[in-house]
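Asker: got a sequence here, can you build the structure:
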Amino acid sequence: MFVSLRTNRFREDLPQYKPAREIILPLPSNTTTTLVKLAIDAVEDMFIEGFHYKNAEVTITKVTKDVQSSLFHSVQKELKLSQVCK
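Answerer: Residues are numbered from 1 along each chain as shown. This is a model prediction of the structure:
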């Protein structure tokens with residue numbers, strides 16, 4: 001997953017800031033709450049008060065088939081989901 005923020009590049013009178021983060025999931029996930037939580041965490045990490053942000057981008061990368069990649073995948077997925085939903 002790729003997450004980025006951007007200020008308005010056409011507003012040369014304002015400070016510019018364009019951070020980006022690549023998030024590597026330990027296991028494939030199709031759980032919306034997990035993906036949203038990871039994206040929000042990245043935005044909170046990159047956000048700096050005082051900038052005039054124009055947009056944010058979240059791109060899902062390395063999409064794979066829905067395959068169980070580990071013997072404990074479903075258990076780990078449920079544990080993560082329960083932590084996200086708290």
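
Asker: what is the least confident helix or strand in this structure?
Answerer: The helix or strand with the lowest mean pLDDT-type score in the chain, counting by mean pLDDT, DSSP states H and E, is helix 73-84 (a mean of 57).

Asker: measure the nearest residue to Gly50 once chain neighbours are set aside to Arg6 for me?
Answerer: Setting aside the residues directly before and after it, Gly50 is nearest to Pro15 in space (CB to CB, 6 or more residues apart in numbering), at 7.8 Å. In this view, the C-beta of every residue, glycine as well, is placed from N, C-alpha and C. Remark: distance between Pro15 and Arg6 (CB to CB, to the nearest Å) = 13 Å.

Asker: who has more neighbours, those two?
Answerer: Using other CB atoms under 10 Å as the criterion, Pro15 and Arg6 rank with Arg6 on top: 16 against 11.

Asker: quick one: pLDDT of that one?
Answerer: Note on Arg6: pLDDT of 97.

Asker: residue ranges for the strands of the chain, please.
Answerer: With DSSP state E, the ranges of strands along the chain come out as 2-7, 20-22, 53-59.

Asker: would you mind finding the most buried of those?
Answerer: Mean neighbour counts were taken over the strands of the chain using mean count of other CB atoms under 10 Å, and the top value, a mean of 18, falls to strand 2-7.

Asker: sweet, I'm off.
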